[in-house]
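J.: Would you be able to build a 3D model of this:
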Amino acid sequence: MKIGIIGPSEIAFRRFLPALSKTGGIEYVGVAYAGTQEWLITESEDALRQMDGEAIRSEAKKAERFQEAYGGKVFCGYRSLLESGEVDAVYISLPPAMHFKWAKSALEYGLHVFVEKPSTTSFNDTKELVCIAEKRKLALHENYMFAFHSQLQEVADTVRNGEIGDIRLYRIDFGFPYRGAGDFRYKKELGGGALLDCGGYVLKYADMLLGGRAEIVQASVGYADGMGVDAFGSGVLKGEDGQIVQAAFGMDNDYRCSIDLWGSKGSIFSNRILTAPAGFVPAYTISKNGEAQIRTMQADDAFHKSILKFMHCIKDMRERTGNYKTILRQQYLVEEFACKAGICEECGQGGGRNEDHGFRGK
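T.: Numbering: from 1, shown residues only. Okay, the predicted model is just below:
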């Protein structure tokens, strides 16, 4: 199995390729940088984002850095990689608004697709990708790598053994300081916004904690001065058994990345729950009536395990089918949150839900 990268991003350089090197059965072929006409958000002329010569040279220089560090080829243009016949799969590491266009193109060329989160910026676009992948029997995998880290299972096991009693409340927080106006997260035309970025993490984890049946009962987003996208948000999700998750996120915030579980007999708090890098040794604090104990957990490589999941989807139809549902469920949650928060562009209204683009995963 041979794979190429669309977009010489920092995460592809620092995280994807080191993780890929640990994965047997898959070979890195090269990286593609954008051609002049390829930095396109939509097909309408007024939304064309054409890269100038300086931007293209900058992209090419980044791609050469990949070649120096990891070998492989440099492809001038994303489509040149897709048309090369040299790869069986692609890793797409572009701003969110470009995911749909290039994931769709890759699938239509018969290539398996490993795409950074979010899969797309709308449920309908994600649904179209899934339909193409399913028809062509291709893998489509969204890289929420935290979901594969062993620390999530260790925390869940501690809850399951009854050590902190019955859960009264879950709380998840994920936010980080402002990264600068040049970052794609703060550009609406590139699929920016806190909900699509850090918000997706807390919604996914909340749904996992609630058994994949979470209902969003409250949602809100806020804006910061000078930003044309949502900068922070919070919400409440409810499980079928009545359990509650409070979730908050932001990209103009003091840094937090934590899970707090409040039980009838004790509490658990863990930081770096969504962003632990390879080799990092996570820990959690368990407290009972004022007495606290810190417990270390196992280091892990969540990116490597996400790649392994992608490989399983390539090889096994049942894995692929299950993953399609997982991706659709995630995009549904994001869009449902947007609807309840009043910022959904699909249905054009807040506080409600256009069921034509809904997916409840049940």
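J.: What's the mean pLDDT across the longest helix seen in the chain?
T.: Scanning the chain for the helix with the most residues, using DSSP state H, yields helix 317-341. In this model, helix 317-341 has a mean pLDDT of 97.
J.: and what of stretch 222-230?
T.: Rounded mean pLDDT across stretch 222-230 is 93.
J.: okay, which residue is most central for this structure?
T.: Lys117 (2.7 Å; Cα atoms, centre = their mean).
J.: wait, doesn't that residue sit right on Asn143?
T.: Yes: in this structure, Lys117 is within contact of Asn143 by Cβ atoms under 8 Å, at 5.6 Å. Just so you know, the C-beta spots here come from the backbone N, C-alpha and C atoms, and that holds for glycine as well.
J.: so who does the residue nearest to the centre of the chain touch?
T.: Counting by Cβ atoms under 8 Å, 6 or more residues apart in numbering, Lys117 touches 142-144, 200.
J.: and if you look at Gly180?
T.: Tyr186.
J.: next one: Ala248
T.: Contacts of Ala248 by Cβ under 8 Å, 6+ apart are 171-175, 202, 232-235.
J.: Closest one of the contacts of Lys117 to Asp88?
T.: Nearest to Asp88 among these: Asn143, at 17.8 Å, using Cβ to Cβ.
J.: all strands of the stretch 151-300 of the chain, in order?
T.: Here the stretch 151-300 of the chain has its strands, by DSSP state E, counting those that start in this stretch, at 167-175, 215-222, 232-238, 244-250, 256-263, 267-271, 283-288, 291-296.
J.: May I see those strands organised as CSV, with distance to Asp88 added?
T.: Formatted as CSV, the strands of the stretch 151-300 of the chain follow (distance: least, Cβ to Cβ, whole Å):
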stretch, distance to Asp88
strand 167-175, 34
strand 215-222, 38
strand 232-238, 38
strand 244-250, 35
strand 256-263, 35
strand 267-271, 38
strand 283-288, 40
strand 291-296, 39
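J.: Look up which helix or strand the nearest residue to Tyr33 once chain neighbours are set aside falls in, please.
T.: Distance criterion Cβ to Cβ, 6 or more residues apart in numbering; nearest residue to Tyr33, sequence neighbours excluded, is Glu59 at 3.8 Å. Glu59 belongs to helix 53-70 when assigned by DSSP states H and E.
J.: Please apply the same query to His99.
T.: Per DSSP H and E: helix 99-108 holds His99.
J.: Just the pLDDT for the spatially closest residue to Val115 that is not a sequence neighbour.
T.: Among residues not flanking Val115 along the chain, Ile92 sits closest, at 4.5 Å (Cβ to Cβ, 6+ apart). pLDDT, Ile92: 98.
J.: Could you pull up the residues touching Ile92?
T.: Taking Cβ under 8 Å, 6+ apart, we find Ile92 in contact with 6-7, 99, 102-103, 106, 113-116.
J.: run the last query once more with 6 Å
T.: Counting by Cβ atoms under 6 Å, 6 or more residues apart in numbering, Ile92 makes contact with 6, 102-103, 115.
J.: likewise Arg256?
T.: Per Cβ under 6 Å, 6+ apart, neighbours of Arg256: 173, 175.
J.: cool, and Gly279?
T.: Contacts here follow Cβ under 6 Å, 6+ apart; on that basis Gly279 touches Ala299.
J.: Go again with 10 Å.
T.: Listed by Cβ atoms under 10 Å, 6 or more residues apart in numbering, the contact set of Gly279 reads 299-301.
J.: Tell me the buried residues within those.
T.: 300-301 (16 or more other Cβ atoms under 10 Å).
J.: Next, count neighbours for the closest residue to Gly211 other than its chain neighbours.
T.: Closest residue to Gly211 apart from its sequence neighbours, by Cβ to Cβ, 6+ apart: Gly239 at 6.2 Å. Close neighbours of Gly239, defined as other Cβ atoms under 10 Å, add up to 19.
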